[in-house]
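Engineer: Quick one, structure for this:
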Amino acid sequence: MGKETNYINLFRNYREVLRQYSSPLMDAKRDAAMGIFEKRGFPKPGDEAYRQFPLDNLLEIDYGMNLYRMSTPAHPAKVFRCEVPSLSTQLFFVVNDVYYPDYKPHHLPEGVLYGSIDKILRDYPELMAPYYGRLSEQSDDAFAA
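Structural biologist: Next comes the predicted model:
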């Protein structure tokens, strides 16, 4: 369990940081998911559901960690624009792994929510609870958990 050990240790060492920077709804599933991961580990080459998936190649990449949710200095609205005449657009950005909150939309239609997944889960937990985690339920598949 070489690669798994690295992820397990990262989780244990930064568990409180993860809790601090996550909505309670998002955080509630983490401990159970880690328990499944500790038992099962990453899919093995013979696992049918992952036999065409180059998991080893993807796990070799150092993606870095932004556990403290630090934003990157960027001005995406200056870089990305829609210049189609008479076309109404709304631009929202994720810069690296952080939702870029500087732009605030005006006059959104009723019922349209604006924000990162974490912000929406914090601000509207009663609305999101029935849906969060339904497509990828915790199961014996450690990768999905």
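Engineer: how far away is Arg19 from Ala33?
Structural biologist: To Ala33, Arg19 is 14 Å away according to Cβ to Cβ, to the nearest Å. Just so you know, the C-beta spots here come from the backbone N, C-alpha and C atoms, and that holds for glycine as well.
Engineer: Ala49 too?
Structural biologist: In terms of Cβ to Cβ, Ala49 sits 17 Å off from Ala33.
Engineer: neighbour count winner among these two?
Structural biologist: A count of neighbours by other Cβ atoms under 10 Å puts Ala33 above the other of Ala49 and Ala33, at 17 against 10.
Engineer: So the more buried one is in contact with Gln138, correct?
Structural biologist: Yes: using Cβ atoms under 8 Å, Ala33 is in contact with Gln138, at 5.7 Å.
Engineer: Mind checking what secondary structure Leu18 has?
Structural biologist: At Leu18, secondary structure determined by DSSP: H, G, I helix; E, B strand; the rest coil is helix.
Engineer: So it is in contact with Met26, correct?
Structural biologist: No: Leu18 is beyond contact range of Met26, at 9.4 Å (criterion: Cβ under 8 Å).
Engineer: How is this structure partitioned into domains?
Structural biologist: What the TED database lists as the domains of the chain is 1-70, 71-136.
Engineer: Ala144: which of those is closest?
Structural biologist: With Cβ to Cβ as the measure, domain 71-136 is the member of the domains of the chain nearest Ala144 (5.1 Å).
Engineer: Report the buried residues of the one helix or strand Met26 maps to.
Structural biologist: Using DSSP states H and E, Met26 falls within helix 24-27. The neighbour-count check on helix 24-27 (16 or more other Cβ atoms under 10 Å) flags 25-27 as buried.
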